[in-house]
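Enquirer: Predicted structure and sequence below. I'll ask about it afterward.
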Amino acid sequence: MTFKAEKSYKNPEFMNSRAARPLRILSEYIEPETKFSEQGIDHTVVFFGSARIQAENDPSGNSEFYQAARKFSYELAKYSREMRENNGPGFYICTGGGPGIMEAANRGASEAGEKTIGLNISLPFEQFPNPYITEELNFEFHYFFTRKLWLLYHAKALVIFPGGFGTLDEMFETLTLIQTKKIEKQNVPVMLYCSDYWKSLINFEKLADMGMISREDLSLFHFFDTVEEGLEYLKPRLKDIIEQVEISLSASNKKSVFI
């Protein structure tokens with residue numbers, strides 16, 4: 001007796017093969033888009049930062065960064081709820097879904113009683129979903145580039161805490177997309193927490209002095225050193241950019257801030 005062959009899309013060996021890579025890439029585009037639409041996610045504030053920072057007794061003495069991210073996210077999530085209570089669209093806190101600063105931001109939003117998004121990536125170490133992500137908004141990616149797309153796709157502000165290679169990669173890619181106008185909304189706030197950390201790590205002024213960037217590129221990001229200072233800077237800008245995007249999307253029926 002001849003048995004029916006397994007359908008291609010039900011064949012794990014094929015779906016995990018090199019030949020099926022385009023299908024996997026499409027899946028990592030289509031599934032998040034579908035879930036975000038189902039959950040009413042149109043606007044996010046994205047937190048970047050080290051996965052290695054611990055909530056308490058951090059070996060490197062960086063627990064303050066965790067607690068600041070947690071508090072900042074908590075206050076932003078409350079502000080989002082206020083926006084919705086006043087018939088505005090609101091926004092949701094989004095992270096890379098792992099431990100450290102990502103956990104802190106998801107935790108703060110969860111403690112405020114709001115849904116919160118985690119976009120995890122499969123790595124051999126460090127990365128695992130933190131327990132504060134809303135179940136329906138917990139994603140797992142294989143490809144960095146599809147994950148980065150969804151981190152930025154709905155972003156109306158970026159909050160960047162101290163971190164290592166991954167954080168630097170995310171920060172500079174975001175700044176490059178804004179600088180080169182690949183993100184249409186040029187007024188997306190990019191906020192860097194702890195000016196001492198960033199200014200001692202990167203000599204931004206030297207980049208401008210040597211003509212490696214334009215001096216006006218220094219205005220693409222903003223340093224802040226306290227939660228209160230960050231809230232004062234971000235809240236009015238966030239409200240304004242979301243209102244602008246809502247008007248633009250309504251007029252053009254577009255769904256993306258990318259060109």
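Expert: Good, I have the coordinates.
Enquirer: Every contact and neighbour count from this point should use C-alpha atoms.
Expert: Fine.
Enquirer: where do the helices sit along the protein?
Expert: Counting by DSSP state H, the chain has helices at residues 12-15, 21-38, 63-85, 101-111, 144-153, 165-179, 195-201, 204-209, 227-252.
Enquirer: want to throw the ones you listed into TSV with mean pLDDT, distance to Thr134 and mean neighbour count?
Expert: Formatted as TSV, these follow (pLDDT from 0 to 100; distance: least, C-alpha to C-alpha, whole Å; neighbours: other C-alpha atoms under 10 Å):
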stretch	mean pLDDT	distance to Thr134	mean neighbour count
helix 12-15	87	28	12
helix 21-38	94	12	14
helix 63-85	97	14	20
helix 101-111	98	8	29
helix 144-153	95	16	17
helix 165-179	95	23	15
helix 195-201	97	31	12
helix 204-209	97	37	14
helix 227-252	88	22	15
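Enquirer: Contact partners for Val227?
Expert: 68, 71-72 (C-alpha atoms under 8 Å, 6 or more residues apart in numbering).
Enquirer: where's the residue nearest the centre of the chain relative to Gly97, distance?
Expert: Central residue of the chain (C-alpha atoms, centre = their mean): Val46, 3.2 Å from the mean position. Val46 is 11 Å from Gly97, where distance means C-alpha to C-alpha, to the nearest Å.
Enquirer: Kindly report the same for Tyr66.
Expert: On the measure of C-alpha to C-alpha, Tyr66 and Gly97 end up 14 Å apart.
Enquirer: Can you tell me what sits against stretch 56-66?
Expert: Contacts of stretch 56-66 (C-alpha under 8 Å, 6+ apart): 53-55, 100-101, 104, 161-162.
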